[in-house]
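> Predicted model and sequence follow; I will ask about them next.
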Amino acid sequence: MAILIDEPRWPNHGRLWGHLVSDSDLAELHAFAAAAGLPRRAFDQDHYDYPDSHRDALVAQGAALVDRRELVRRLAASGLRVPHRRRTPHGPASHGPTSHGPTSHGPTSDG
């Protein structure tokens, strides 16, 4: 049971964004994100987008910083991964960056 983040690298709204996931269950993920002050709107079906300004605080709170391939591998192994083909729109900008960061791509194993 772990909370994982990847390095923020997706640009939007003048900052970089990363992904926050759980390798065990969504309840753990939502609780961690709430404690970190991330809004629920930052959740995108299997992950939260987080701004680079939160990186150090997330690690201090207990998130493990892993590379994006490890994050995707562990998310998929948990059974929580929502493949692109099964993603559903969750807002007006579901196929592009939203006001809280990029969400349409989800954690990817490719650059």
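Thanks, I have it.
> Any idea what the residue minimising distance to the centre of the chain is bridged to?
In the chain, the residue lying closest to the centroid (Cα atoms, centre = their mean) is His19, at 2.7 Å. Beta-bridge partners for His19, by DSSP bridges, are Asp49.
> need the contact list for it.
Residues in contact with His19 (Cβ atoms under 8 Å, 6 or more residues apart in numbering) are 5-6, 47-50, 68, 71, 106-107. Where C-beta positions appear, they are placed from N, C-alpha and C, glycine not excepted.
> Val59 against Leu4, yeah?
No: look at Val59 against Leu4 with Cβ atoms under 8 Å: they stay out of range, at 10.7 Å.
> what's the overlap in contacts for these two?
With Cβ under 8 Å, 6+ apart, Val59 and Leu4 have common neighbours Leu65.
> neighbour-wise, which of these two wins?
Neighbours of Val59 and Leu4, each counted by other Cβ atoms under 10 Å, are more numerous for Leu4; the result is 23 against 13.
> In three-state terms, label that one for me.
Of the three states, Leu4 takes strand under DSSP: H, G, I helix; E, B strand; the rest coil.
> how many other residues sit next to Gly37?
Counted with other Cβ under 10 Å, Gly37 comes out at 10.
> mind checking the backbone torsions on it?
According to degrees, to the nearest 10, the main-chain angles of Gly37 amount to phi 80, psi 10.
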